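Engineer: Here is a sequence together with a model predicted from it:
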Amino acid sequence: MSLSSVFNIAGSGMSAQTTRLNTVASNIANAETVSSSIDQTYRARHPVFATMFQGGQASGSDSLFQSQDAAGSGVQVLGVVEDQSNLEARYEPNHPAANEKGYVYYPNVNVVEEMADMISASRSFQTNAEMMNTAKTMMQKVLTLGQ
């Protein structure tokens, strides 16, 4: 793995954390939206990440643990999935969005968990940015060795 590949790896990590932050923002923004039916109620969304491996290194190995020996080349977002946990049904017959039985359905968004996820994504993004700055500084030092 070359030093220049650090930029690609950190960049993919920053992109993945941006997706994570966007889904957290969407979840928090919709945390108090209501609906009169389960089908129309907002459900929390979560990104799914996967490690990208360098193609050449893993296939040339005769190890039984090829996937563990392969060098990672970044992270990719496989998609964003909806949380299938139960929605919260509240009996509020005077609410304008209440159904005929007087129930209103609230999303399955836990704001405390979302805030913790936001802090984690923010710190991960910051760490990837610091890795890029460190790699840049190292490359600049290498260029000055010949002087």
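Structural biologist: Structure received. Residues are numbered from 1 along each chain as shown.
Engineer: And the nearest residue to G102 once chain neighbours are set aside, how far from Q84?
Structural biologist: Using CB to CB, 6 or more residues apart in numbering and skipping residues adjacent in sequence, the residue nearest G102 is P93, 3.4 Å away. No exception for glycine: its C-beta is placed from N, CA and C like everyone else's. Distance, P93 to Q84, using CB to CB, to the nearest Å: 28 Å.
Engineer: Check the spacing between the spatially most central residue of the chain and V112 real quick.
Structural biologist: Closest residue to the average C-alpha location of the chain: R20 at 3.1 Å, with CA atoms, centre = their mean. R20 sits 17 Å away from V112, going by CB to CB.
Engineer: Now the residue nearest to G102: phi and psi?
Structural biologist: Note on P93: backbone dihedrals following degrees, to the nearest 10 are phi -60, psi -20.
Engineer: cool, T51 as well?
Structural biologist: The phi/psi pair for T51 (degrees, to the nearest 10) is phi -80, psi 130.
Engineer: can you pull the contacts of the closest residue to it other than its chain neighbours?
Structural biologist: Excluding the flanking residues, the one nearest T51 by CB to CB, 6+ apart is G72, at 5.3 Å. G72 makes contact with I9, T51, M52, F53, Q54, according to CB atoms under 8 Å, 6 or more residues apart in numbering.
Engineer: coming back round to it: hang on, the residue nearest to the centre of the chain in a helix?
Structural biologist: Yes - counting by DSSP: H, G, I helix; E, B strand; the rest coil, R20 is found in a helix.
Engineer: what's the pLDDT at the residue nearest to it when sequence neighbours are not counted?
Structural biologist: Nearest non-adjacent residue to R20, counting by CB to CB, 6+ apart: A121, 4.2 Å away. At A121, the model reports a pLDDT of 96.
Engineer: residues near A121, how many?
Structural biologist: 20 (other CB atoms under 10 Å).
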